[in-house]
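J.: Everything below, folded, please.
(2 chains)
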There are 2 protein chains.
Amino acid sequence: MRDFLPAEKARRERVLAVIRERYRVHGFDEIETPVMEEYSRLHAGIGGDNEKLAYNVLKRGLDAEAIRAAADDPASLTDLGLRYDLTVPLARFYATNRGRLPAVFRSIQIAPVWRAERPQKGRYRQFVQCDIDIIGDPSPRAEAELIVATLDTLDAMGLDGGSVRINDRRVLDWMLDSFGFGVEERPGVLITVDKLDKLGPEGIVAELRDRGASPAAVDAFEAFLRRPMTLEYNPYGERQIRKALPEGAPDDVVADLVGIGHAVAAARAATPGATAGDEGLADIPVVFDPFLVRGMGYYTGTIFELAHPSVEYSLGGGGRYDGMIGRFLGQDAPAVGFSIGFERIVDLIAEQTDAAAPAVVLVHDRDVPEGELLAHKAALVRQGSRVRLEQRTKNLKALLERAAADGYTAFATVGAGAATAALEVKPLG
Amino acid sequence: MRDFLPAEKARRERVLAVIRERYRVHGFDEIETPVMEEYSRLHAGIGGDNEKLAYNVLKRGLDAEAIRAAADDPASLTDLGLRYDLTVPLARFYATNRGRLPAVFRSIQIAPVWRAERPQKGRYRQFVQCDIDIIGDPSPRAEAELIVATLDTLDAMGLDGGSVRINDRRVLDWMLDSFGFGVEERPGVLITVDKLDKLGPEGIVAELRDRGASPAAVDAFEAFLRRPMTLEYNPYGERQIRKALPEGAPDDVVADLVGIGHAVAAARAATPGATAGDEGLADIPVVFDPFLVRGMGYYTGTIFELAHPSVEYSLGGGGRYDGMIGRFLGQDAPAVGFSIGFERIVDLIAEQTDAAAPAVVLVHDRDVPEGELLAHKAALVRQGSRVRLEQRTKNLKALLERAAADGYTAFATVGAGAATAALEVKPLG
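T.: Have a look, this model is predicted:
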């Protein structure tokens, strides 16, 4: 867990403000849920491995007897826990507030989550997640809205050139079925397929054999991976999707994937009525990847990952999870969401000094009367400056350097004698 | 604990943005600390009664034996807790990061805190506190900077006309001493004095007698309360402060209180060099109140409370607490702070629709192709609108009313047939 000092906190708030503003413009509404949720809800199986990492809150008012009894039932010590993701709270929020939300609810949550992970470089036990979800729209329009809004947000943060890798759980399932993998072995096979980037084709074939996956299915998979093909991912579209898959991919799933691409292309062109043929999709930042898996078990349709040329790791990911919210709600509620890696994005965004807003350090002698000083400060504030008072120290240079590091752009000095004189504001550095 | 739905969340974020921006301009730096602090630090006595209300976090990996052993030592079940205020974390933050902060550190924290209070109307177990503190400046300039920045922030939120009641713990102590109350009975006497607004002079005199306070001291106090005086609080200044107190109030404390008033007056006039006589203080929004107490035990000097004519309760309060941070740090660190009641202020701020930023609901038929719709949306977004898609329902009126409640100001319809036609955007309501 970390303290955020002024410069870092200001940077984080600037990034948050951009995210808020861009998704808001795209019709997403920000919500907030309490940090603590009921223990039983946090441990209902939706959170996957993260459930084990939850921080649990001690019940209030436990007596010695209750504590002794808990030796055989540790869960009885706790009734609340800190959320480990924003998906469980969203499902609970939606079930609670359904009647007060629009039919299609586009939500954004930006909030900290907690996981009791082993200390590790670059991993924190408290970190901010940023989830954007659309609940209530079963059509590929929802995926397209999410992708368009997310790429626009990246652009607004100065991270132009982002792209989205896309696949569909139904494609994966059909593909594994067509190779001959049995239903029970598929989850394990997917865990291996997910390592394609790391292990390469030979590596995953070897691991599948080690795993004891059906030999004939592994052979079929290997033959498919070795088939002669041009690794030409553009233009995105039906032809490209079918070429990347075994023969006979299901038409409805392919149509959904193509539809998403067309909608993204139309939105980026912003010209209603122009029909995009495959050529029109040549320059959309969407890439079909038949081997994209995504870890969480609850995805039911499309899955995607956000990439940016400046980094090798993903900046976020998500997918369609039509079953989960409905389970909480007791009625169908299709949903698709994106979780963008706020912490990773903050690290990518360069420190920016807002040169447009002047910031003045007022260096004063010890004995300048309070009223004089505060009047000088107030006058500068009225002119639109940010102002910090600093008592003069022997090492004025060090003092001004620190102020510059905190984003101050100018300084003025106030001496005891000349307190009533007009200030001479000089640029810093 | 509460969910915040879109309209409420947006209102909270708007208020937060104003607070952030105004204090920043006045030279305050925002920081953030982790939600959890060490159990031992949360229970070191600084938190007063709030320590008992802390939510404690269960240690990870406790086995049956450890749990059984904890029956006699419940604190051994926990190592972390949720913060119940922002003062304990600030003291810890300052001790940790001292070397990387300016000599006088002006901090602002806006963050949730948790208290396991009994459920009660208007009280929440998770709520946002907003603390503004100046560490490292022993002079009354710090008080003046705090007051000026805070009143400016209230103004910027549309709450003009705020004022600050001020007193000094040293005044209270001297006054009780001059009446003849012993050192040990003074904390109890202060608890009663704090109820003056509620009980009136007769009420507190009666309660002091019930309490068994020194009879002669209570008599002296009663005589003082009954003295003939004009309840004329303005102009703020030495004459008025001395008139409100028994004869012989300590000069240094009175000088500090007067100095704060002069500095506030100078800042509000923003005319360096103009000396404010008592007349110049006639219109400053600072009121001396010799019976202002403030609950927390750690105050050592000035104490203040923020008032606004629209409400009877206070909108925040604070004071000087020169001893506390030093205790954590192991060296002197004078400090003065204000905690403004964010939740109370949010309730006072009227819902505002930002009329300058157009927000359009795009009502579409079910079968409009995705690409058409998203292109229309993207075109409006590019023009600077906020846009929400809504599928047409039988009750179009209800749909538009809900959108208006969410801050949307205009709508347009897209039919399947006329999808490529130009949109006609009409005002809502």
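J.: Please count neighbours and contacts with C-alpha atoms only from this point.
T.: OK.
J.: Show me where the stretch 151-300 of chain A has its helices.
T.: Counting by DSSP state H, counting those that start in this stretch, one finds helices in the stretch 151-300 of chain A at the ranges A:169-179, A:186-193, A:196-211, A:215-226, A:238-243, A:251-269.
J.: Compare these and report which one is nearest to chain B.
T.: helix A:251-269 (3.8 Å; CA to the nearest CA).
J.: Quick one: work out the angle between that closest one and helix A:169-179.
T.: In terms of direction (axes from the mean of the first three to the mean of the last three CA atoms, to 10 degrees), helix A:251-269 departs from helix A:169-179 by 140 degrees.
J.: Need the mean per-residue confidence for helix A:251-269.
T.: Averaged across helix A:251-269, pLDDT comes to 91.
J.: tell me which strands and helices that helix is in contact with?
T.: helix A:140-156, strand A:163-168, helix A:238-243, helix B:370-382 (3 or more CA pairs under 8 Å, 6 or more residues apart in numbering or on different chains; DSSP states H and E).
J.: before we move on, back to that, tell me which of the helices of the stretch 151-300 of chain A sits nearest to B:R366.
T.: Of all the helices of the stretch 151-300 of chain A, helix A:251-269 sits nearest to B:R366, with 15.3 Å by CA to CA.
J.: What residues does the residue nearest to A:R170 when sequence neighbours are not counted make contact with?
T.: Leaving aside its chain neighbours, A:R170 sits nearest to A:G301 (5.9 Å; criterion: CA to CA, 6 or more residues apart in numbering or on different chains). A:G301 sits next to A:168-170, A:319-322 when contact means CA atoms under 8 Å, 6 or more residues apart in numbering or on different chains.
J.: And A:D63, by the same measure?
T.: A:D63 neighbours (CA under 8 Å, 6+ apart): B:A71.
J.: thinking again about what came up before, neighbour count says what about the contacts of A:G301? Which are buried?
T.: A:168-170, A:319-322 (16 or more other CA atoms under 10 Å in any protein chain shown).
J.: is it true that A:A91 lies in a helix?
T.: Yes. Under DSSP: H, G, I helix; E, B strand; the rest coil, A:A91 sits within a helix.
J.: SS state for the nearest residue to it once chain neighbours are set aside?
T.: Excluding the flanking residues, the one nearest A:A91 by CA to CA, 6+ apart is A:I325, at 5.2 Å. Going by three-state DSSP, the secondary structure assigned to A:I325 is helix.
J.: and A:I325, how many residues sit next to it?
T.: 24 (other CA atoms under 10 Å in any protein chain shown).
J.: repeat for A:Q331
T.: 11.
J.: ok, the residue in the stretch 1-150 of chain A positioned nearest to chain B to B:A357 distance?
T.: Closest contact between the stretch 1-150 of chain A and chain B, by CA to the nearest CA, is at A:V25 (3.8 Å). A:V25 is 10 Å from B:A357, where distance means CA to CA, to the nearest Å.
J.: cool, and A:F342?
T.: For A:F342, the distance to B:A357 - CA to CA - is 27 Å.
J.: The two: who's more crowded?
T.: More neighbours surround A:F342 than the other of A:F342 and B:A357, with 22 against 13 (other CA under 10 Å).
J.: Lowest-confidence member of the contacts of A:G301, which is it?
T.: A:D322 (88).
J.: check contacts around the residue nearest to it when sequence neighbours are not counted.
T.: Excluding its sequence neighbours, the residue lying closest to A:D322 (CA to CA, 6+ apart) is A:P334, at 4.2 Å. Residues counted as contacts of A:P334 (CA under 8 Å, 6+ apart) are A:135-138, A:320-323, A:325-326.
J.: So which of those residues sit within helices?
T.: Residues of the contacts of A:P334 located in helices (DSSP state H): A:325-326.
J.: Noted, bye for now.
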